[in-house]
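J.: Build me a model from this:
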Amino acid sequence: MLKDFKAFIAKGNVIDLAVAVIIGGAFSTIVKSLTDEIIMPVVGAIFGGADFSRYFILLDTPEGYDGPMDDYAALQEAGAAMIGYGSFVTAVINFLILAFIIFLLVRYAKKVIAEFEEKPEEVITPPGPTEIDLLKEIRDELRNSRSGGTAAGAGKDPAGG
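T.: Model (predicted):
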């Protein structure tokens, strides 16, 4: 079983997947920061609040809670029953941004792969003449130049005899 596990881990696809998960986790943090710190404050300002992630519907307060009824963090810490639709909207926006960026990456990767698949057909050039073909051409040219060069030498043996 250990041998099979080593073979499974050593496969390139598993290692590539592990790298992708790690990079995806780091990228997810960047997207979350972008959404929480840049996009959602703008959306919140448009809808009348500075922090959109704190919009919620309070369903029930725990017994003995005497804190503020509009403090999302305090109510959440106290265990109040709430629907945090602002946090949900933030998560949906995070997902849409991440999905769009992944879509762009996959689209670009497909384009690059398609270019690489087309290039070998363009790069292939017809083979030139072989050494034997070149030597035959040289021989034929030498024959033609000797036979047409002088009328007196036309009947002589090219070897000098």
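J.: helices or strands up against the lengthiest helix in the chain?
T.: The single longest helix within the chain, with elements called by DSSP state H, is helix 85-123. On a contact count with 3 or more C-beta pairs under 8 Å, 6 or more residues apart in numbering; DSSP states H and E, helix 85-123 meets helix 12-34, helix 40-46. C-beta here means a position set from N, CA and C on the backbone, and glycine is covered the same way.
J.: Tell me which of these is the most buried.
T.: helix 40-46 (a mean of 15; mean count of other C-beta atoms under 10 Å).
J.: Could you list the low-pLDDT ranges of this protein?
T.: Scanning the chain with the threshold set as pLDDT under 70 gives 9, 12, 48-53, 119-126, 148-161.
J.: Which residue lies nearest the spatial centre of this protein?
T.: Central residue of the chain (C-alpha atoms, centre = their mean): residue 105, 4.3 Å from the mean position.
J.: any idea how far residue 96 is from that residue?
T.: 15 Å (C-beta to C-beta, to the nearest Å).
J.: Likewise for residue 129?
T.: Separation of residue 129 from residue 96 (C-beta to C-beta): 61 Å.
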